[in-house]
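Novice: one predicted model, sequence on top.
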Amino acid sequence: MLVLRKFLRDLPAVVGLFIIGAAVLIALFGDPLLVDAADATRPDLRARLTPPNWDKPFGTDNLGRDIFTRVVMGTGGALTVALTVVAAAMAVGIPLGLYAGYTDGWASEGIMRITDIFLAVPQLILAIALAQIIGRGMDAAMAALAVTYWPFFTRTVYGETRRVRTMLFIEALEGLGAARWRILALHVLPNVAAPVIVRATIGMGFIILTTAVLGFLGVGAAPPSPDWGLAIAEGRRFMPDHWWMTAFPGLAILVLVLGFNLLGDGLRDLVDPRLRRSR
């Protein structure tokens, strides 16, 4: 209860949680409560490039598709990509970080040197290169992002595991002959979970932004997908006269990424007050 009260007093974090909650509800119930999913891909050339109005609050694109519907339907896709990529990165990064942090020797050093190599290359550049190698499309983009994001979890878990393994209760467990896997799974992992959750929360916002960039560059989602980055790429040819084609998908990216960052900062404040942001 004390932790909950501290969190509720953090207004930016509460705003971030509200934004994410609203996005999840939109992704789950937007069709059919708010929009008809078929309108996201159904062209209507008679209504092309219609500016925002009461009937079409976000206007229409160059094919006459309702931009509001496309933004709503793109919410589910953005959250799905973020969850999938972060889950895959955690599935690889956490075990490697636990093993490398708890053990010494060539295997531990090898894992961390490979991790450092990945971290030394800008993630976006590496993701673009891998996506081109794997092949175009959202599946290739997700695979490329997962491959480039696991080192962040490995580095985080490694540092925390190094700190936890020197504690007295770990030494006591080792003295009692507890199996290594039992120590890591039941005692070390729960003690490193908090920073991992913070990393995952902030990482989801970063993945959404990076996915949009890949879509904008043409190595992510393909038409007629209602991907936000792809929508901005399609609308840039019609700037500035038909600004709504890029403005509303861009605003959706901004708000959702901001929500994850605000929530992640709030969780970080709870986990480590030394890193508390100034207000």
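Specialist: Thanks, I have the structure now.
Novice: can you list the buried residues in the strand or helix carrying residue 113?
Specialist: Per DSSP states H and E, residue 113 falls inside helix 106-120. Within helix 106-120, the residues scored as buried using 16 or more other CB atoms under 10 Å are 108, 111-112, 115, 118. In short, each C-beta sits where N, CA and C put it, glycine included.
Novice: one more: stretch 69-86?
Specialist: Across stretch 69-86, burial judged by 16+ other CB under 10 Å covers 69-79, 81-82, 84-86.
Novice: show me the contact partners of it.
Specialist: Stretch 69-86 is contacted by residues 23-24, 26-28, 30-31, 34-37, 39-40, 58, 61, 138, 141-142, 145-146, 149, 200, 203-205, 207-208, 211-212, 221, 225-228, 231, 248-249, 252-253, 256 when judged by CB atoms under 8 Å, 6 or more residues apart in numbering.
Novice: where helices are concerned, which of those residues count?
Specialist: Under the assignment DSSP state H, the contacts of stretch 69-86 contribute 23-24, 26-28, 30-31, 138, 141-142, 145-146, 149, 200, 203-205, 207-208, 211-212, 228, 231, 248-249, 252-253, 256 to helices.
Novice: make a ChimeraX selection of the buried ones in these.
Specialist: Buried residues within the ones in helices among the contacts of stretch 69-86, by 16+ other CB under 10 Å, are selected in ChimeraX with:
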select :23,26,27,30,31,138,141,142,145,146,149,200,203,204,205,207,208,211,212,228,231,248,249,252,253,256
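Novice: so what's the residue nearest the centre of the chain up against?
Specialist: Centroid check for the chain by CA atoms, centre = their mean gives residue 204 as the closest residue, at 1.7 Å. Shown in contact with residue 204 (CB under 8 Å, 6+ apart): 82-83, 86, 260.
Novice: run the last query once more with 6 Å
Specialist: Contact analysis of residue 204 by CB atoms under 6 Å, 6 or more residues apart in numbering lists 82, 86, 260.
Novice: what does residue 89 give?
Specialist: Here residue 89 is in contact with 146, 149-150, 153 (CB under 6 Å, 6+ apart).
Novice: ditto for residue 224
Specialist: Contacts of residue 224 (CB under 6 Å, 6+ apart): residue 41.
Novice: cool, and the one 5 residues further on?
Specialist: Neighbouring residues of residue 229 by CB under 6 Å, 6+ apart: 212, 215-216.
Novice: mind checking pLDDT for the residue nearest to it when sequence neighbours are not counted?
Specialist: In this structure, residue 229 finds its nearest non-sequential neighbour in residue 215, 2.9 Å apart by CB to CB, 6 or more residues apart in numbering. Residue 215 is assigned 88 on the pLDDT scale.
Novice: ok, residue 215 touching residue 228?
Specialist: No: the pair residue 215 / residue 228 is not scored as a contact, 7.1 Å apart, by CB atoms under 6 Å.
Novice: gap between stretch 197-215 and the chain center?
Specialist: 3 Å (CA atoms, centre = their mean, to the nearest Å).
Novice: what of stretch 74-90?
Specialist: Relative to the mean C-alpha coordinate of its chain, stretch 74-90 is positioned 6 Å out (CA atoms, centre = their mean).
Novice: residue numbering should commence at 37 henceforth.
Specialist: Right, with 37 as the first residue, what we last looked at is stretch 110-126.
Novice: what comes up buried for the worst-scoring helix or strand of the chain on mean pLDDT?
Specialist: Across the helices and strands of the chain, mean confidence by mean pLDDT, DSSP states H and E is lowest for helix 38-44: a mean of 73. The neighbour-count check on helix 38-44 (16+ other CB under 10 Å) flags residue 43 as buried.
Novice: what lies in contact with it?
Specialist: Residues outside helix 38-44 that contact it (CB under 6 Å, 6+ apart): none are found.
Novice: what about residue 127, neighbour count?
Specialist: When neighbours are counted by other CB atoms under 10 Å, residue 127 registers 12.
Novice: now it: how far from residue 120?
Specialist: Distance, residue 127 to residue 120, by CB to CB, to the nearest Å: 11 Å.
Novice: picking that back up, CSV for the buried residues of helix 142-156, including distance to residue 205 and pLDDT?
Specialist: As requested, the buried residues of helix 142-156 are exported to CSV (distance: CB to CB, whole Å; pLDDT from 0 to 100):
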residue, distance to residue 205, pLDDT
144, 22, 91
147, 25, 94
148, 25, 94
151, 27, 94
154, 33, 91
